[in-house]
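Asks: sequence and predicted structure below; questions after.
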Number of protein chains: 2
Amino acid sequence: MKATGDLQLLKSINRSVLLRLVRAQSDLSRARLASLSGLTKSTVSALVRELLDEHWLSEAAAPVAAQGLGRPSTPLNIDSSKRVLVGIELAVDCLRLVCVSLSGVILTQTEEPLRDPQPANACQQVGSLVQRLCRQLDEKQLTLSGVGVCLPGSVDGGLVRLAPNLGWRDLPFSAMLADELGKLGIPAAHIHLQNDADAAALGEYEFGESGDDSLIFVNCDVGVGAGIVLNDRLFTGFLGTAGEIGHSILQVDGPLCSCGRRGCAETFIGASALARPKGVAKGGRYLGVLLQNLDAMFNPHVIVVGGRSCIDHPTLLEMARSAQQAYAQVAGLQAPEVRAARFGVQAAAVGAAALVLHQFLRPLLKESKHVPGN
Amino acid sequence: MKATGDLQLLKSINRSVLLRLVRAQSDLSRARLASLSGLTKSTVSALVRELLDEHWLSEAAAPVAAQGLGRPSTPLNIDSSKRVLVGIELAVDCLRLVCVSLSGVILTQTEEPLRDPQPANACQQVGSLVQRLCRQLDEKQLTLSGVGVCLPGSVDGGLVRLAPNLGWRDLPFSAMLADELGKLGIPAAHIHLQNDADAAALGEYEFGESGDDSLIFVNCDVGVGAGIVLNDRLFTGFLGTAGEIGHSILQVDGPLCSCGRRGCAETFIGASALARPKGVAKGGRYLGVLLQNLDAMFNPHVIVVGGRSCIDHPTLLEMARSAQQAYAQVAGLQAPEVRAARFGVQAAAVGAAALVLHQFLRPLLKESKHVPGN
């Protein structure tokens, strides 16, 4: 890498350090940022100037008198009014688009049926959704920071490896969407692609209470999957299939699963199992067992449960919690913290928006999974 | 931290960087080390001199002519002949002590019954074992790099939080052992304490094939537990209980477990279940399911299976593998890589020795787990 490249990267890192400090604590002054970051005051001043100009940060109109000695300082905060993150969930039957502020407030949301899962057509439909949104953003003088897209499938960088329910395999969806947006005259925005449960986990992590590392998002839908955040990063495993909790086995020789095995969690908690008579009571109990198993294996700080089935069956999570409490009680242990998804049905779409921010704040993070032979 | 402290830390980091580079690739020259590490040649020379003097590194007797231009260079390697790592497994019924070279070769091993699990007595017994060993090391002019101790319980820094089978709770075992060694006139060596499955995982990780990140060590004994290495570090979860796989549930409403719950993996795979008629065939099958569940959740690079039960029941692992293969086959997937513990019955003791090296190579690694309220 040339020296200019190194310097550019270093600058990105320093900018992200400052932004993360301001996110973690409100009303920081430049002097405090310098002391926390270890950067010189002049570097901090220059970078803060940039971040203000680009509307990542805002500063109070009037300086605040310092306590004791020293010059008055101007408190800095994240600017939640000018920049927006766009998140799109490409689900099997619909498209959900949300427009989110830098602090995780949903500004607008749209949902429409997915007209045709054929990749080129789906891409076109996403493109026109974004185009419509961009017009609205222009009118409101809002800046688009990037577009995150998530879908039910395994993703490797900008590539969809396999999305069985969409019928997609090895599809360069990021590049296709960038082309589409280019054709529509939308200025090249960064496009980030991710699995839906992974995105939802990032949404909870980036816009939730601080310190929720590690966090597992359990997505209850047609299938059951999990997104896992460990050490401030998505954890996706060696081949990118970590979190395939729907195919962990809860009952040896249990019911036949769509995957060919027997007794997978999905046969009890998947949408079709829940739709059966008494399915929700049974599914809730098995979900409790699955949460207990996740706790035994990962001992996460928090487990978040969301997805379509939690909306279709509002008692599901409570039943799971009861089962889990009962298990914890007989063992004399405390049940792990389990909470409902903060953004409900929008969890994945908001997560896709969070992905934009997550990547921006981690310039060294490569957007890829290891896939052997690639 | 004062500037001298900073400098000392920086030096430790630089030393560990050089050692890790030499471990990863044999016959490196000082010039190559400088280029790989980004350190100046004079810094590398000074640090290599120290590491040679302290017997971490060895250099070839005669320089090797460089290919093409340049001065001849002297290949550097890990010195496996002068320094030893001591690992002790404090099991419920016995003490195992191994003395291991820096490259993971077992030099000596001792096993004796644990005479009395009462902490002070156990500490004394460990002390006299180490004392005997130190005499042997002196005779052979070998240098002790540190002592790692592992035991079946949860460990937080130098503290044993809970070791139910030993009857220990909140015991400052590292400090007790340091006292004991001091009384015996053994020069203060670094003492590292860890859970046995965690230690075994580190043993496989540090002395196994490179690139085995992430790695899960499944320890089959009276109970069943796992040590997990992710991102080059032990992963122990929020409260230090990650890897409690013996209490993940494989059969809802299954047999009653010692923990009070039903259908825990331990009720099928624990030592007492395996001791029953046909227990090994059934246990093997359930172990296969447990391995499959670990793969679904973590998707690790490799799973290593070891522990007392694998020695008592040599067919256990093969049966687990068959079950796992069958599951993978019906789902049209490849079964994850599962291998037997490299160090057999010594896995935990060797792991305790590996712990010494692991910590030395990671000067920034704190030896503690988060426990709320502490």
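Replies: Ah, there it is. Note that the structure is predicted; figures quoted are calculated from it, not measured.

Asks: pLDDT on stretch A:146-155, on average?
Replies: Averaged across stretch A:146-155, pLDDT comes to 93.

Asks: chain center to it: distance?
Replies: Centroid displacement of stretch A:146-155 relative to its chain, using CA atoms, centre = their mean, to the nearest Å, is 10 Å.

Asks: now do stretch A:302-310
Replies: Offset of stretch A:302-310 from its chain centre (CA atoms, centre = their mean): 13 Å.

Asks: contact partners of that stretch?
Replies: Residues outside stretch A:302-310 that contact it (CB atoms under 8 Å, 6 or more residues apart in numbering or on different chains) are A:200-201, A:204, A:208, A:212, A:215-222, A:224, A:269, A:271, A:274, A:283, A:287, A:291, A:294-295, A:316-317, A:320, A:336-345, A:347. C-beta coordinates here come from the backbone N, C-alpha and C atoms, glycine included.

Asks: restrict those to contacts with chain B.
Replies: Near chain B, judged by CB under 8 Å from any CB of the partner chain, the entries from these are A:Leu294.

Asks: helices - which of the contacts of stretch A:302-310 land there?
Replies: Secondary structure from DSSP state H places A:200-201, A:204, A:269, A:271, A:274, A:283, A:287, A:291, A:294-295, A:316-317, A:320, A:347 of the contacts of stretch A:302-310 in helices.

Asks: of all these, which two lie farthest apart?
Replies: The most widely separated members of those, counting by CB to CB, are A:Ala271 and A:Asp295 (23.9 Å).

Asks: who has more neighbours out of the two?
Replies: Legend: neighbour count by other CB atoms under 10 Å in any protein chain shown for A:Ala271 and A:Asp295, higher for A:Asp295 (28 against 19).

Asks: surely the more buried one meets A:Pro336?
Replies: Yes: A:Asp295 is in contact with A:Pro336 according to CB atoms under 8 Å; the separation is 4.2 Å.

Asks: related to what we said a few turns ago, and of the ones in helices among the contacts of stretch A:302-310, the nearest to chain B?
Replies: Using CB to the nearest CB, A:Leu294 comes nearest to chain B of the ones in helices among the contacts of stretch A:302-310, at 7.2 Å.

Asks: mind listing what that closest one touches?
Replies: A:216, A:218, A:226, A:245, A:300, A:303, B:297.

Asks: how near is it to A:Val302?
Replies: 11 Å (CB to CB, to the nearest Å).

Asks: what about the stretch 101-250 of chain A, any weak spots by pLDDT?
Replies: Within the stretch 101-250 of chain A, the stretches with pLDDT under 70 are A:187-189, A:210-211.

Asks: got the contact list for the nearest residue to A:Leu230 once chain neighbours are set aside?
Replies: Excluding the flanking residues, the one nearest A:Leu230 by CB to CB, 6 or more residues apart in numbering or on different chains is A:Ser214, at 4.5 Å. For A:Ser214, the contacting residues are A:228-231, A:298, A:300-301, B:237-238, by CB under 8 Å, 6+ apart.

Asks: could I get the full set of strands for the stretch 1-150 of chain A?
Replies: For the stretch 1-150 of chain A, strands defined by DSSP state E, counting those that start in this stretch occupy the ranges A:57-59, A:76-78, A:83-90, A:94-101, A:106-113, A:143-151.

Asks: helices or strands up against the first one?
Replies: Contacting strand A:57-59 under the criterion 3 or more CB pairs under 8 Å, 6 or more residues apart in numbering or on different chains; DSSP states H and E are the following elements: helix A:41-53, strand A:76-78.

Asks: centre of the chain to that strand, how far?
Replies: 25 Å.

Asks: what does the fifth one give?
Replies: For strand A:106-113, the distance between its averaged C-alpha position and the chain's averaged C-alpha position is 16 Å (CA atoms, centre = their mean).

Asks: what does it contact?
Replies: Residues outside strand A:106-113 that contact it (CB under 8 Å, 6+ apart) are A:84, A:93-101, A:125, A:129, A:133, A:136, A:343, A:346, A:349-350.

Asks: tell me the buried residues within the residues you listed.
Replies: Neighbour counting by 16 or more other CB atoms under 10 Å in any protein chain shown classes A:84, A:95-101, A:125, A:129, A:133, A:343, A:346, A:349-350 among these as buried.

Asks: before we move on, back to that, JSON lines please, covering the strands of the stretch 1-150 of chain A and showing distance to A:Pro172.
Replies: Output for the strands of the stretch 1-150 of chain A, formatted as JSON lines (distance: least, CB to CB, whole Å):
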{"stretch": "strand A:57-59", "distance to A:Pro172": "35"}
{"stretch": "strand A:76-78", "distance to A:Pro172": "33"}
{"stretch": "strand A:83-90", "distance to A:Pro172": "15"}
{"stretch": "strand A:94-101", "distance to A:Pro172": "19"}
{"stretch": "strand A:106-113", "distance to A:Pro172": "24"}
{"stretch": "strand A:143-151", "distance to A:Pro172": "13"}
